[in-house]
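Student: Fold the stuff below for me.
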Amino acid sequence: PHPTLGYKTFKRERLIANDFLQIRKVIEHVYEKVMNGGSEAGSGAGTPTGERSHGGETGRQDREESNSLAEERVELLCNDTTLDPNMDLRTVKSFIWKSGSDLVLHYRPLR
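Tutor: Take a look at the predicted model:
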């Protein structure tokens, strides 16, 4: 979490990812895994009935809705700069992080 939120962090989450990964996917990861999908039960269920959708048109629509929901609920920051979901990690590291060390991102819940 972003330091201004005042949350105590007991451990630092670490994500190993390809430099071409879009920030949108990192936001989705933070929302689903770190923030438990916005619910206390976690994100283990794929649908309200607990079934996972398998491929097809409905599967893609579900993923797009999940992406937009995650983007509405979480923002990622690097060096106190809000990141555009369309950027990739390499762009962030080159133009915002500007360091050879591991990229450090913070998240901030929006709602």
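Student: So, low pLDDT: which residues of the chain?
Tutor: For the chain, applying pLDDT under 70 flags the ranges 1-11, 38-67.
Student: For it, which segments count as helices?
Tutor: 23-29, 56-73, 89-92 (DSSP state H).
Student: From Glu28, how far off is the nearest residue to Leu77 once chain neighbours are set aside?
Tutor: Nearest residue to Leu77, sequence neighbours excluded (CB to CB, 6 or more residues apart in numbering): His106, at 4.8 Å. C-beta: built from backbone N, CA, C; applies to glycine. Distance, His106 to Glu28, using CB to CB, to the nearest Å: 16 Å.
Student: Looking at these two, which one has more neighbours?
Tutor: Between His106 and Glu28, counting by other CB atoms under 10 Å, Glu28 is the more crowded of the two (21 against 17).
Student: Spatially nearest residue to that one (excluding sequence neighbours)?
Tutor: In space, Glu28 comes closest to Ala70 once its chain neighbours are excluded; the distance is 4.6 Å by CB to CB, 6+ apart.
Student: if I pick that neighbour, what's in contact with it?
Tutor: Ile27, Glu28, Val30, Tyr31, Glu32 (CB atoms under 8 Å, 6 or more residues apart in numbering).
Student: can you count the residues close to the third one?
Tutor: In terms of burial, Val30 registers 23 neighbours under the definition other CB under 10 Å.
Student: Grab the nearest non-local neighbour of it.
Tutor: Tyr107 (4.8 Å).
Student: Verify the stated contact: the residue nearest to Leu77 with Asn79.
Tutor: No. Counting by CB atoms under 8 Å, His106 does not reach Asn79; the two are 9.3 Å apart.
Student: ok, the residue nearest to Val30 - contacts?
Tutor: Pro1, His2, Ile27, Val30, Val34, Met35, Val74, Glu75, Leu76, Leu77.
Student: That one and Met35, how far apart?
Tutor: When Tyr107 is compared with Met35 (using CB to CB), they lie 8 Å apart.
Student: Between these two, which contacts overlap?
Tutor: Val74.
Student: Strands of the chain, start to end?
Tutor: 74-78, 81-82, 106-109 (DSSP state E).
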